[in-house]
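A.B. asks: A structural model of the following input is requested.
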Amino acid sequence: MISLNDTLNVDNLTLIVVTIIIDIIIIIIIIIIIIIIIVFDIIITIFMIIIIVVVEAVVVAVVAVVVVVAAVAVVVAAVAAVAVVVAAVAVVAVVVSGSVPKLMCPESSRG
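C.D. replies: Numbers count the residues shown, from 1 in each chain. Take a look at the predicted model:
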C-alpha cells in the first residue's frame, strides 16, 4: 500500500518539478523580452543615426545654397558699384568737356 508519506513525497516532487518548469519558462520569457528590447534599441539607434546624417546633409546643402546666393549678391553689388562709378565718370567727363552747354544751347556752338 502507498502510505501518506509517499503521497506527500510525490506531491512535493511534482510541486518542485512544476515550480522549476515555471521558473525556466519565466526566465526564457525574460530573456526573450531582453533580446527584443536590445533589437529595438539597435534599430532605433540606427534610425536615429540615419535621421541625423540626413538632417545634417540637408543643413549643409541649405548653408551651401545660402553662401552661393550671398556670393552672387556680392558680385551683383560689385558690378552695380562699378556701373555707378562708370556713370559718374561719364557725367564728370561730359561736364568737364563742355558738352553739356553745347547740348543745352546748340546755337552757341555754331558760332
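A.B. asks: tell me the mean pLDDT for the one helix or strand Val94 maps to?
C.D. replies: Here Val94, judged by DSSP states H and E, is contained in helix 4-97. The average pLDDT for helix 4-97 rounds to 86.
A.B. asks: any idea how far that helix is from the middle of the chain?
C.D. replies: 8 Å (Cα atoms, centre = their mean, to the nearest Å).
A.B. asks: so which elements touch that helix?
C.D. replies: Using 3 or more Cβ pairs under 8 Å, 6 or more residues apart in numbering; DSSP states H and E, no helix or strand is in contact with helix 4-97. For glycine as for every other residue, the C-beta is placed from the backbone atoms N, C-alpha and C.
A.B. asks: how many other residues sit next to Val39?
C.D. replies: Using other Cβ atoms under 10 Å, Val39 is surrounded by 10 other residues.
A.B. asks: an error on my part: the question was meant for Val69.
C.D. replies: 10.
A.B. asks: contacts only, for it.
C.D. replies: If you count contacts by Cβ atoms under 8 Å, 6 or more residues apart in numbering, Val69 has none.
A.B. asks: ok, it to Ile38 distance?
C.D. replies: Per Cβ to Cβ, to the nearest Å, Val69 is found 47 Å from Ile38.
A.B. asks: repeat that for Val91.
C.D. replies: For Val91 relative to Ile38 (Cβ to Cβ), the value is 79 Å.
A.B. asks: now do Ile24
C.D. replies: 21 Å.
A.B. asks: so which residue is dead centre in this protein?
C.D. replies: Nearest to the geometric centre of the chain sits Val55, at 1.6 Å (Cα atoms, centre = their mean).
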